[in-house]
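Enquirer: kindly return the folded structure for what I paste below:
(chains A and B, ligands or ions: 2)
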Amino acid sequence: MIHLNNIDKYYDSKFQRTFVLKAVNLEVKEGEFVSIMGPSGSGKSTLLNIIGLLDAPSAGEYSLYDKSVLDLKEKAKVDYHRNFMGFIFQAYHLIEEMTVYENIETPLIYKGVKSRDRQAMVADLLDRFNMVAKKDLFPQQLSGGQQQLVGIARAIIGKPKLLLADEPTGNLQSVQGEMIMETLQQLNNEGMTIIQVTHNEKFAEYGKRIIRLEDGIIRKDVASKIVFSI
Amino acid sequence: MLKHYIKIAFRNLFRQKRLALINILGLSIGLACFSLFSLFTVNEFSFDRFNAKASRIYRVYDWWSFSDRQGSEPSSATPLGPAMKQDLAEVEDFVRINSAGEKLIRTGNQINRIKVSFADPQLFSIFTFPLIEGNAATALESPKHIVLTRDKAIQLFGKTDVVGRTVEIRTGDQFEPFEVGAVAENIPVNSSIRFDILGNFNYVLNSDYGRASINDWNMTIGISVYVLLHEKSKLMNETARLAEFRQKYFPGETEKNNDGSPTNGFGLQPLPDVHTGVNIDKWGASDPKNSWILISIAIGVLLIACINFITLAISRSAGRSKEVGIRKVIGGHRYQLIYQFLSESLLLSVISAVIGLILGYALLPFFNELSGRSLSFSFSQYPEMIGILSGIVLLVGLISGIYPALAISGFQPSEVLKRKLRFSGSNFFTKSLVSFQFVLSIGLIISMVVIMRQLAFMRSKDLGFYKENVVMIDTQSLDIQKNYPVFKQTLKSESSLLGIAGSVIGLGNGEGQMGRGYKFENRVETVIEYPIDYDFLEVLGMQLVAGRNFNPEIASDAISSVIVNETLVRNALGTNPEEALGKEFTSGKEGNRKVIIGVTRDFNFEDLTRTVRSQMFLFPSNFKPNALFVRINPGDPSKALAVLTAAWKTISSDLPIKYSFLDQKFDDFYQKEKRWSNIVAWAGGICIFLACMGLVGLTSLAVINRSTEIGIRKVNGARISEVMAMLNRDFVKWVAIAFVIATPIAWYAMHKWLESFAYKTELSWWIFALAGLLALGIALLTVSWQSWKAATRNPVEALKYE
Ligand SMILES: Nc1ncnc2c1ncn2[C@@H]1O[C@H](COP(=O)(O)OP(=O)(O)OP(=O)(O)O)[C@@H](O)[C@H]1O
Ligand SMILES: [Mg+2]
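Expert: Ligands and ions are numbered 1, 2, ... in the order given. Predicted structure coming up:
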């Protein structure tokens, strides 16, 4: 599904070129759950952003389903964001002026889904995440774990094929973190492809494959040890 | 989608109450100003268009065009109307309108002063003045019929069904009965033709002076002639036919310009142009430039409010960048974000429009007083207002929203979501906008000061006679001729009165004027005439520079002697006062001879937009004073007024005395200037206020954006004054730049404005310095209010939140 070939990302300053990613090759198949690990500043977020079409590589090739997505028009990019991928962030990044319900609903509005269908879809997800009682609260009124659940709900409401999560548990206590990881795993079991960045070895093991980045270079790419039974 | 946007917009408004308040208050005030000023303008340009036949009605005017002077005059001779109808086939009808002054009106034993105008009866078939009682055919059936407006009918009778009732009008020294023929609806405010009581013009023609005018093409008794042309007529453009018509009645006018063009002629001015046609009626028409100045001021105020919106939105963009990032990541297209921000500014603009309209409506009476109009907010009377106002609301929303929308929606999610990125928010663009606000404010302050200085200058200028402590008594409706000598004699003995003298014409604003062309040795000069009593010059303290005053003992003084002013000596005779004594000149065809017996120092009986013209005093034998000038002791005038009132009772038991103070009458010349200074002062105040509100918002945002920096600086030992200086420096710099830009612009504009006055103040440098310091001081105070709060805050508090 995802095919990165020789991806470089660098920043030029006056006298030097700093590489953030160097000759990254990566292939992710449909249904995979990949965890990216590495020290701070190693380029994990940059890599995720490139995959998520939020950032462009400086060199290399990137294709989704064998179609190059490097020089996409703004509109095509937006279409990918609407229909193909969802994002989860460490800082949750919910819109503070909107209720839980509205936050989850917004991607559907952009997609142009009809009001009645939206209601049903949001209600479904709220139900699934046990948040029905909280639907009219504003993000500030929720715990970190609950906020992240809303973040996930928002990311998956459009039924994306690919879920990108940048340290989704970074701001959470371990119990809440585990709950989030279990949710992700469940989504993966339902067939969603997931790429997450994490600093936590334990959480990384939820993935089926772990990639280790160091100074912008992939040092290791292995199947994770623990294979969960269903 | 729109619902979604509006919901979010409302939430944003409530979250940012202070900014919302600044924005809404600013835009509301701006829109209130704009709605009032545009109402004024729409009214100015809507004049007379309510007349169903407006496009076919023309006012006839006289024009002259010599190599050295051009001009025109919209008052016509009495025979003009009938002659045009008779000679020119496409003239369907004509009406002569004579707007005479106030008269005493008696109904029962109640006496009122009301203006009485006269017009030919066909007025009601040419113009559209609906009658609520009676009908057009019989409204002015006989010369003794009159038409009342609804208001006047109610004032006089308490009701409107008064057709057939009697109204007595004072003519000469007695009341004469007239019959109400019809009652008209009140005249719309946007009508050039106005009357309270309208008499039949034939009544005027039956009077002595009316009869004398019937066949006299060389004089006017103050009438305007309007003609109704046939549907397809092009007469207004057919100069040749108009010239031919003129030639028929002015066979003596053979003089031609060098290029063969005629020197005099008739012109036709379309009715809708009458109100604003300054090119034809320089003194009577309302200059459309004023409307444009008002609209520009209103747009300026609106712009300032819009700029507040823009700068505040940009400064706040740090807070919204995250939202933009998220929305893009979850599939929002940039144009959808632009829509969202625009709908926020539009919503704000609509809310402000509602408040602004309510505000404008509430302020209308005040604005009417300020502008000297009696306008009403009526969308049915001014349908254009609907379009103009909704257009401006849309425009305000767009102008305010477009730059922030474009700037903020352009944020890259990978940038704004990645880390705590702070945009300082104030860039060169927003700062130049702040400067622009102060350019306008400073410019208006300068203008206000200059206008007020000019007003004060005109009021205090020595006019060449006493205007202080002079009471002018109106004796028009009195048979004063009989009583004058007695009246004068009784008052002469009073110690509180210093002198009394009569004149045929009153002085100051709203008084008439007489003048005609005289033939001097080698040129014709128009001379303004003042028939006066022999002691007039002495009572008003006018100085003779040569010759002598009138003397009732000398018989010839009442026939041919005149006293002229220095300007006449210079312009018409080209000599000095001594030489001028004994010189003779004659007027037109009567050939009556005038001999100069004295020359006065120049004096200004007219307003100071004009230079002194050639003027002279006469001392006619059949003297009937219409105004008495009484000089009283300085100080409290009440005793003198009591004496005057008592003396008045002895000569007129039934009529109340009507007097005014001469200095007041001269001040009234400058009502227009006074209005302008008030309007500009208000606008300037509003501009400064709005600009400062913007500053409050900007500083408070700057303080938020820089709170960490301030905290760190303070922890490291910065003093309060240093922190304040750091925060204030920026704003002060931009206000200073505004001052540099505003000064030359204001100087130029005021220089132009002063050009319309013959006598003017100087544009002193201190005016500019004062305005600059004022703006700077206000800005500094405003900014310091916020920065003081920030600088004195406990730094730990600020750092805790980061
Ligand atoms: N605009 C930029 N200009 C220069 N260098 C940049 C820019 N953006 C990112 N970098 C650099 O790229 C490197 C990788 O950043 P990235 O955010 O991908 O790291 P990360 O692995 O996600 O780290 P962390 O675990 O701390 O989130 C960093 O060293 C950062 O300084
Ligand atoms: Mg990162």
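
Enquirer: show me what residue of the stretch 651-800 of chain B gets nearest to chain A.
Expert: Nearest residue of the stretch 651-800 of chain B to chain A: B:I704, at 15.7 Å (C-beta to the nearest C-beta). Just so you know, the C-beta spots here come from the backbone N, C-alpha and C atoms, and that holds for glycine as well.

Enquirer: mind telling me what element that residue is part of?
Expert: Remark: B:I704 resides in helix B:671-705, with elements defined by DSSP states H and E.

Enquirer: burial check on whichever residue of the stretch 251-400 of chain B sits closest to ligand 1, number of neighbours?
Expert: Across the stretch 251-400 of chain B, no residue is closer to ligand 1 than B:G325, which sits at 14.7 Å (C-beta to the nearest ligand atom). A count of nearby residues for B:G325, using other C-beta atoms under 10 Å in any protein chain shown, gives 23.

Enquirer: and it, how far from B:N592?
Expert: 93 Å (C-beta to C-beta, to the nearest Å).

Enquirer: bridged to A:I217, which residues?
Expert: Counting by DSSP bridges, A:I217 is bridged to A:E214.

Enquirer: show me the contacts for it.
Expert: By C-beta atoms under 8 Å, 6 or more residues apart in numbering or on different chains, the contact set of A:I217 is A:K22, A:A23, A:V24.

Enquirer: swap in B:S556?
Expert: B:V595.

Enquirer: at the geometric centre of the chain, which residue sits there?
Expert: This is for chain A. Against the mean C-alpha coordinate of chain A, by C-alpha atoms, centre = their mean, the closest residue is A:L164 at 1.4 Å.

Enquirer: not quite, I wanted chain B
Expert: Short answer for chain B (C-alpha atoms, centre = their mean): B:K672, at 4.6 Å.

Enquirer: quick check: closest non-adjacent residue to it.
Expert: B:G372 (7.8 Å; C-beta to C-beta, 6 or more residues apart in numbering or on different chains).

Enquirer: same thing with B:I310?
Expert: Nearest residue to B:I310 in three dimensions, chain neighbours excluded: B:Y403, at 5.5 Å (C-beta to C-beta, 6+ apart).

Enquirer: circling back to that earlier point, so for the helix holding B:I704, what gets flagged as buried?
Expert: Neighbour-count burial for helix B:671-705, counted by 16 or more other C-beta atoms under 10 Å in any protein chain shown, picks out B:673-684, B:686-705.

Enquirer: equivalent analysis for stretch B:629-642, please.
Expert: Of all the residues in stretch B:629-642, those buried under the rule 16+ other C-beta under 10 Å are B:F629, B:V630, B:R631, B:I632, B:P637, B:A640, B:L641.

Enquirer: quick one: which of those sit in strands?
Expert: Per DSSP state E, strands hold the following members of the buried residues of stretch B:629-642: B:F629, B:V630, B:R631, B:I632.

Enquirer: out of those residues, who's nearest chain A?
Expert: Closest approach between those and chain A, by C-beta to the nearest C-beta: B:I632, at 73.2 Å.

Enquirer: who are the contact partners of the closest one?
Expert: Counting by C-beta under 8 Å, 6+ apart, B:I632 touches B:N469, B:V470, B:V471, B:S496, B:L497, B:L498, B:A640.

Enquirer: re earlier: export the contacts of A:I217 to CSV and tack on neighbour count?
Expert: Shown next, in CSV, are the contacts of A:I217 (neighbours: other C-beta atoms under 10 Å in any protein chain shown):
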residue, neighbour count
A:K22, 17
A:A23, 14
A:V24, 23
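
Enquirer: now go through those residues and say which are in helices.
Expert: Among these, the subset assigned to helices under DSSP state H is empty.

Enquirer: could I get these as JSON lines with distance to B:I445 and pLDDT?
Expert: Formatted as JSON lines, the contacts of A:I217 follow (distance: C-beta to C-beta, whole Å; pLDDT from 0 to 100):
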{"residue": "A:K22", "distance to B:I445": "63", "pLDDT": "91"}
{"residue": "A:A23", "distance to B:I445": "67", "pLDDT": "91"}
{"residue": "A:V24", "distance to B:I445": "64", "pLDDT": "92"}
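
Enquirer: now, among those, which is nearest to chain B?
Expert: Closest to chain B, out of all of the contacts of A:I217 and judged by C-beta to the nearest C-beta, is A:V24, at 16.8 Å.

Enquirer: look up the closest residue to that closest one, ignoring the ones flanking it.
Expert: Among residues not flanking A:V24 along the chain, A:I7 sits closest, at 4.3 Å (C-beta to C-beta, 6+ apart).

Enquirer: ditto for B:V564
Expert: Closest to B:V564 by C-beta to C-beta, 6+ apart is B:M616, at 4.4 Å.

Enquirer: what of A:Y10?
Expert: Looking at A:Y10 with C-beta to C-beta, 6+ apart, the closest residue is A:F19, at 4.5 Å.

Enquirer: the one you found falls within a strand, correct?
Expert: Yes. Counting by DSSP: H, G, I helix; E, B strand; the rest coil, A:F19 is found in a strand.

Enquirer: need the residues of chain A near ligand 1, please.
Expert: Taking C-beta under 6 Å from any ligand atom as the test, the list of chain A residues beside ligand 1 reads A:Y11, A:T18, A:V20, A:G38, A:S40, A:G41, A:S42, A:G43, A:K44, A:S45, A:T46.

Enquirer: restrict these to those near chain B?
Expert: Among these, the ones lying near chain B by C-beta under 8 Å from any C-beta of the partner chain are A:S45.

Enquirer: closest one to chain B out of the residues of chain A next to ligand 1, please.
Expert: Nearest to chain B out of those is A:S45 (C-beta to the nearest C-beta; 6.6 Å).

Enquirer: next SSE after the helix or strand harbouring that closest one?
Expert: Secondary-structure assignment from DSSP H and E places A:S45 in helix A:44-51. Downstream of helix A:44-51, the next assigned helix or strand under DSSP H and E is strand A:59-64.

Enquirer: packing partners for that following strand?
Expert: strand A:2-12 (3 or more C-beta pairs under 8 Å, 6 or more residues apart in numbering or on different chains; DSSP states H and E).

Enquirer: sheet partners, orientation included, of the strand it packs on?
Expert: With DSSP bridges as the test, strand A:2-12 pairs up with strand A:17-28 (antiparallel), strand A:59-64 (antiparallel).

Enquirer: what are the contacting residues of the shortest one?
Expert: Counting by C-beta under 8 Å, 6+ apart, strand A:59-64 makes contact with A:1-8, A:23-24, A:50-51, A:68-70, A:80, A:84, all of which sit outside it.

Enquirer: and that strand, what's buried?
Expert: Buried-residue list, strand A:59-64, by 16+ other C-beta under 10 Å: A:G60, A:Y62, A:L64.

Enquirer: next: the longest one.
Expert: Buried residues in strand A:17-28, counting neighbours by 16+ other C-beta under 10 Å, are found at A:F19, A:V20, A:L21, A:K22, A:V24, A:L26, A:V28.

Enquirer: coming back round to it: wait, the residue nearest to B:K672 touches B:R675, no?
Expert: Yes. Counting by C-beta atoms under 8 Å, B:G372 does reach B:R675; the two are 5.8 Å apart.
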